[in-house]
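S.K.: Mind folding the following:
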Amino acid sequence: MTSALPSQDQPPSLSAEDVEALFVRGDGRYAFARWGRPIAPVIFGVDDATLTIFKGAIEAIAQLASHPVDEVDTELGANLLMFFCKDWSELREIPNLDRLILGFSDLLAQLDRTDANQYRVFRFGEAGAIRACFVLIRMDESLASISAETFALNQAVQLILLWSDKAFLETSPLGMVGSDRVILKPEIASVIRAAYDPVMPAASNDVSHALRLQARMTRPQ
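M.R.: Numbers count the residues shown, from 1 in each chain. Below is the predicted model of the structure:
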C-alpha cells in the first residue's frame, strides 16, 4: 500500500485558502483535529484478505503522518472501529454499539432515510485531539464497484484527520497515475504531513491555523 503514496519531493499546490476550506465545516466553523494517541484499529464484517488491505492502508497513511499504529489501545482496547454491513439494520445486532455512539438508533434511521453508505463518528480528548473513531460502512453497489485497495486508501485518508464535512464531496483526495494506478494526491499528503508536525497543535478552532499548516507544507521535507 505504500506505493499508493506520493513521493515527498512533489511540491504542494494549495493556497492558505484551499487549506482552510478543508477544515471549515458546513456551519462555517473552522475545526481541525489530529489523533492524539496511537491508532489501534479493529475491523468487522470483512474477509481476511480485505482486512489485510484496510489495515495496510491505515498503516501507510499513519506512516505518512509519522503517527504510530498499535495492536491495542491501553485505555479503550481499540480506538478505531470500522463496521461493514449490507443493510444499516444489521448494525443494531452488534452488542453495545448503541453505547459507543450517542443517538445510535436515530443515526441509523437517518442514514437509512438519506440512503447514505458511510458515516464517521469521532471522539475527542480533553485537549481536543482525536481519541477514537467509529466508521460505519454500508456496502451498496457504488462502493462495491470500487477496488478494495482504492476504497481502503480513501477511508484511511478520511479518518487520519478531522476534515470538513464538505472536504471531499466534490473532489477525491485520491488521483490517478497513468491509466490504472491510484495514489493519494500530493497536496493532500502534504496537508497530512504538516498537520502531524510536532510543532503544530493537536486541535484548533482558529482559522489562522490554516496559515500555519500551509507554511509547514512549503517547508522542505
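S.K.: Next secondary structure after the lowest-mean-pLDDT helix or strand in the chain?
M.R.: Ranking every helix and strand in the chain by mean pLDDT, DSSP states H and E puts strand 174-177 at the bottom, with a mean of 84. The C-terminal neighbour of strand 174-177 among helices and strands, as given by DSSP states H and E, is strand 181-184.
S.K.: for that next one, packing partners?
M.R.: When contacts are defined as 3 or more Cβ pairs under 8 Å, 6 or more residues apart in numbering; DSSP states H and E, strand 181-184 packs onto helix 148-160, strand 174-177. C-beta here means a position set from N, CA and C on the backbone, and glycine is covered the same way.
S.K.: what pairs with that strand, and is each one parallel or antiparallel?
M.R.: Using DSSP bridges, strand 181-184 pairs in its sheet with strand 174-177 (antiparallel).
S.K.: So which bits of the partner strand are buried?
M.R.: Neighbour counts using 16 or more other Cβ atoms under 10 Å place L174 of strand 174-177 among the buried residues.
S.K.: Dump it to CSV, restricted to CA.
M.R.: Extracted in CSV, the C-alpha atoms of strand 174-177 (Å, rounded to 0.1, in the frame of the first residue of the first chain):
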residue,chain,number,x,y,z
LEU,A,174,-7.0,10.4,-4.5
GLY,A,175,-5.7,10.8,-8.0
MET,A,176,-4.7,8.6,-11.0
VAL,A,177,-1.2,8.0,-12.2
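S.K.: so how many other residues sit close to the closest residue to T150 other than its chain neighbours?
M.R.: Once flanking residues are discounted, T150 sits nearest to V182: 4.9 Å by Cβ to Cβ, 6 or more residues apart in numbering. When neighbours are defined as other Cβ atoms under 10 Å, V182 has 17 of them.
S.K.: so how far is S13 from V182?
M.R.: For V182, the distance to S13 (Cβ to Cβ, to the nearest Å) stands at 19 Å.
S.K.: residues contacting the residue nearest the centre of the chain?
M.R.: Centroid check for the chain by Cα atoms, centre = their mean gives L159 as the closest residue, at 1.6 Å. With contacts taken as Cβ atoms under 8 Å, 6 or more residues apart in numbering, L159 has the following neighbours: I58, L80, R120, C133, V135.
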